[in-house]
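Peer 1: All I have is the shape, not the residue letters:
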């Protein structure tokens, strides 16, 4: 169930990442540690967690710069991957929503300042 305006949003990365052999590994710190993590794994708890992205996820990650709309990313993905990325809109919405929920990216909508009336 897609938000009808989702294609107009702009995703932006908000955490660190590494690139190895053209694939992205996202690095992040868990905000809430469990009691066991705090008590018994203090040294591991302070290290960043990692998520390895596949080819499509890595491609999309690089485009999450706050300048590309979701629609633009969908079109670039189709040009690059063809049928492999389909259903592109649904796939990207799921990926970006999960990344946003886990605070790895922020999704925002640009405001047209030309039509804003100042008091």
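Peer 2: Looks like it arrived, so ask away. If you're wondering where the values come from, they're calculated on a predicted model, not measured in any experiment.
Peer 1: How about residues contacting stretch 81-93?
Peer 2: Stretch 81-93 is contacted by residues 2, 3, 6, 7, 56, 59, 60, 70, 73, 74, 77, 78 when judged by Cβ atoms under 8 Å, 6 or more residues apart in numbering. The way it works is simple: take the backbone N, C-alpha and C, and place the C-beta from them, glycine included.
Peer 1: Closest one of those residues to residue 96?
Peer 2: Residue 96 lies nearest to residue 70 out of the contacts of stretch 81-93, by Cβ to Cβ, at 6.6 Å.
Peer 1: After the helix or strand bottoming out on mean pLDDT in the chain, which helix or strand is next?
Peer 2: Within the chain, confidence by mean pLDDT, DSSP states H and E is lowest for helix 42-45 among all helices and strands, at a mean of 56. For helix 42-45, the succeeding helix or strand toward the C-terminus, using DSSP states H and E, is strand 49-52.
Peer 1: Residue 80: what's it in contact with?
Peer 2: Shown in contact with residue 80 (Cβ under 8 Å, 6+ apart): residue 59.
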